[in-house]
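K.L.:
generate a structure from the sequence data that follows.
(chains A, B and C)
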Amino acid sequence: MTDAARPRLRRFLPVGVLVLLALLPLGFEQYKLYVASLTLVYLVMAIGLNLTLGYAGQISLAHGAFMAFGSYGVAILGQRGWPVEVGLAVGAIVAFACGILVGFPALKVKHHFLAMVTLGFNIMVFLVLRNWESLTGGSFGISGIARPRWGLFSFGSDRAYYVYMVGWATLVVGSAYWILTSRWGRAFRAIRENEMRAEALGVSLRNYKLMAFAIGAAYAGIGGALFAPLLGYIDPGAYTLDRSIQFLMMVVMGGLGRFAGPFLGAILVTVLPEVLRASEGLYLVIYALAVILMMLFMPKGLVGIWDWAAGRRDAGAQPPVPAPPGRLRTG
Amino acid sequence: MALLEVRDLTKHFFRLPALSAVSLSVEHGDLLGVIGPNGSGKTTLFNCVTGVLSPSAGQVRFKGENITGLSADLVHRRGIARTFQLIQLFPEMSVLENMLLAAQEREGTLLGRLFRREDGGAADRAMELLEYLGIAGLRDTFASNLSYGQQKLLDFGMALMSRPEVILLDEPLAGVNPTMIKSLVGHIQALNAEGHTFVVIEHNMEVVMSLCRRIVVLSQGERIAEGTPAEVADNPLVLDAYFGR
Amino acid sequence: MTDFLQLMVAGVSIGAIYAMVAIGFVLLWQTSNTINFAQGEFVVLPAFAMVLFWMTLRLPFALALLATVLVSTLLLGFGVRKLLVARLLQAGVLPLVIATIGLSLLIRYSLQQFWTPLALPFPALFPRAPLRLGAVVLAWEELLNVAFAGAVIGALQLFITRTKLGWAMQAVAQNRTLATVLGIDVGRLITITFVLNAALTAVAAILIAPVYLVKYDIGIGLGLKAFYAAIIGGFNQMRGALLGGLLVGIVETLSAAYVSGPFRDAAVLVILIAVLLWKPEGLWGAKEEWAS
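P.N.:
Residues are numbered from 1 along each chain as shown, chains lettered A, B, ... in the order given. Below you'll find the predicted structure:
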């Protein structure tokens, strides 16, 4: 999507919304604050998947595994006395490296084959997590994961940790925005739109696809690293195919390839079930119906509403300005 | 030394010889036409030269360097641009963005493209080109919303954006109305006069004969004739290839 | 050795059922590029329907079976095709995938909420009597399962290779554009494929219900196994799904008997990863050629 056509005011709207979102939950009580915290974590991961899949067009079912690197990085290094920040960095770097690893098959296969290869990677990581008991605690996982502390100040309380997460989320959102509005972002979109032409115009498919995977994976790793201290304990069951599918749902229902997509998707997936909880048992049924209806009527995701509300029309909907006379008018 | 040289280029698809030992050379400033009946290997030739396909045998040399088998993006960076028979654009990107993408990968480094934010005047150059082609007013329109003729113009513009040394046009006039043909041909001639080198695959004989100074004829993967339009038009082998025995 | 033989038969028996589910899955993919994440639930729903017709309403078996297949083809065949797939095919693969995920959740939790979260028993279709062949003791039930499944799959194979409609399906699977140009009504064919799939899953349901019991959440594991079977065997050929299903059934049964602990379900996953790394088109799949 070209941002060139959007007036400047509308460009600051997302920032305003983000600030609001960030500060609002500080007034919540415990459970709602937890939901908001979870939304933040999911947002970070959805941004990662949106970069790989939405912008660069590379299907990935491996993001559950990338998330695990972050979570287990914090948990395992935390057990050995390292601070959360180190665990996060290590997790993100490992995720980045594995993203490149998983990116290599992406250079050879596409679409459903790529989906299967990334699925295989996710399963492989899951098996390792479950069976390498000495390192990961096996099926029992790791508990007692500490929240970060800076010297004497502890982020142990829910509110303090929430602010901590907002800090990291801001870094992720900001860096993602910076990357996607650079020439890399344009190259990613070109690859998504027409890989062959992109390559014929000098776009190195190898470099950009690997970066799309690696950066998306690193963001997922950061999300996972924030997830672990939120819950305080982790086990392999949280990083299966189901998790990757959950992110896929988030990104598609939010809006693929749109910057606002992950925000809307993360909120939808965490908040909607909570809102529906009032209907007791029925809430999953309604949620499922909502998913189906959304895909039927808004296949491009919730951003469709955003577009409509912001009065933004597709640049192509305006009739093209005719070329000056004397020059050739269309064929 | 020729600018672009193809030596004994051969390409097999399984056992089918799409190209058999084809040789040609392109000098700086040439306007070379490549003609031949359907299936004669013209697009395959382009694909092998530009790195979309890897030839089975033979060499492609550009400015003295052996570029055989290099991937398409590396070939483009060395200065060869091309268009495709079926228009290939980026549908959900605006006309301007299509043009900017076409310019951005030729120079600089990968990391440079991340950290340096200015396009280095590319936007100005793009608008200039769009003006020249007459579609400047469409700059914010998505490529998928353009008419066929407008898309052809954009395609052409994109091939020029990276300031290539050789431009390969694959059937630039296919499906285009006569007025537009005149316009496109005019652009090609004007640019050639400024020193750009063109190799053009075309089926429109009238245009090829009048536009190109030299023509190469392919048939069933082999080069069967080469020369000026007059020489080629009279060549019995060529007539044979087109009209059969 | 006798143990091994018994296990093999048991493995083939359950594998044949997985194969049926996998074949339907693959047929949907081939003709309409639909990855049906709800395939497991397509088995659970008819299973519940059978309970209703056969046990609650006490209809005679044949009638109950007919009613079940009818319900399945109407709801999961026509219904899903017309209401969901028709609209979503143009929207792209991903929205359709998400919609089938939503569908699987819908069926699963509707059954849980509106029917029962408990497991319902399902009587064996075939007598549980043993068949003695010398020292080997086999179960009639398993052999008849294999025979029944084999008959259904065989009939399907005949349909696809010997009838005009079957050829049309193959044509659509291989080259949809060309098929359209040749005058094949692709839309109708996709509907037929969905109906066929619904019938297949209904048959699979009554065969697997005595083994798995009838519960709202058995679709999760079942759908996943069909998916793995299709990947291992080969997504782009019916034969691949068949052999993949059998392989999954055999590996599962053998590892349950010979392997203990956490590695039990890992065997299939390990094979899956191996196949993805070395032969991603599937063990019996055809290499897909990418047009250059």
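
K.L.:
which residues of the stretch 51-200 of chain A lie near chain C?
P.N.:
When proximity is defined as C-beta under 8 Å from any C-beta of the partner chain, the stretch 51-200 of chain A approaches chain C at A:109, A:111-113, A:116-117, A:119-120, A:123-124, A:127, A:130-131, A:138-139. All C-beta atoms are positioned from the backbone trio N, CA, C, and that covers glycine.

K.L.:
ok, those vs C:Thr193, which is closest?
P.N.:
C:Thr193 lies nearest to A:His112 out of those, by C-beta to C-beta, at 17.5 Å.

K.L.:
quick one: which two of the residues of the stretch 51-200 of chain A next to chain C are the most distant?
P.N.:
Farthest-apart pair in these is A:His111 and A:Gly138; separation 35.0 Å (C-beta to C-beta).

K.L.:
the two - which one has more neighbours?
P.N.:
Between A:His111 and A:Gly138, counted using other C-beta atoms under 10 Å in any protein chain shown, the more crowded position is A:Gly138 (16 against 12).

K.L.:
chain A contacts on the stretch 151-292 of chain C?
P.N.:
Residues of the stretch 151-292 of chain C lying near chain A (C-beta under 8 Å from any C-beta): C:224, C:231, C:235, C:262-263, C:266, C:269-270, C:272-273, C:276-277, C:280-281, C:288.

K.L.:
just the pLDDT for residue 89.
P.N.:
In the absence of a named chain, this looks at chain A. Listed pLDDT for A:Ala89 reads 94.

K.L.:
wrong one, I was asking about chain C
P.N.:
Listed pLDDT for C:Leu89 reads 81.

K.L.:
distance of it relative to chain B?
P.N.:
19 Å (C-beta to the nearest C-beta, to the nearest Å).

K.L.:
that residue reaches C:Leu28, doesn't it?
P.N.:
No. Applying C-beta atoms under 8 Å, one finds C:Leu89 not in contact with C:Leu28, separated by 11.7 Å.

K.L.:
who has more neighbours, those two?
P.N.:
C:Leu28 (24 against 17).

K.L.:
skipping its backbone neighbours, what lies nearest the more buried one in space?
P.N.:
Using C-beta to C-beta, 6 or more residues apart in numbering or on different chains and skipping the chain neighbours, the partner closest in space to C:Leu28 is C:Thr34 (4.7 Å).

K.L.:
got a list of what whichever residue of the stretch 1-150 of chain A sits closest to chain C touches?
P.N.:
Taking C-beta to the nearest C-beta, chain C has its nearest neighbour within the stretch 1-150 of chain A at A:Gly120, 3.9 Å off. For A:Gly120, the contact set (C-beta atoms under 8 Å, 6 or more residues apart in numbering or on different chains) comprises C:272-273, C:276-277.

K.L.:
switch to 10 Å and redo it
P.N.:
Going by C-beta atoms under 10 Å, 6 or more residues apart in numbering or on different chains, A:Gly120 touches A:61-62, A:102, A:105, C:231, C:269, C:272-277, C:280.

K.L.:
just to revisit the earlier point, just the buried residues of the residues of the stretch 51-200 of chain A next to chain C.
P.N.:
With burial judged by 16 or more other C-beta atoms under 10 Å in any protein chain shown, the buried subset of those is A:109, A:112-113, A:116-117, A:119-120, A:123-124, A:127, A:130-131, A:138.
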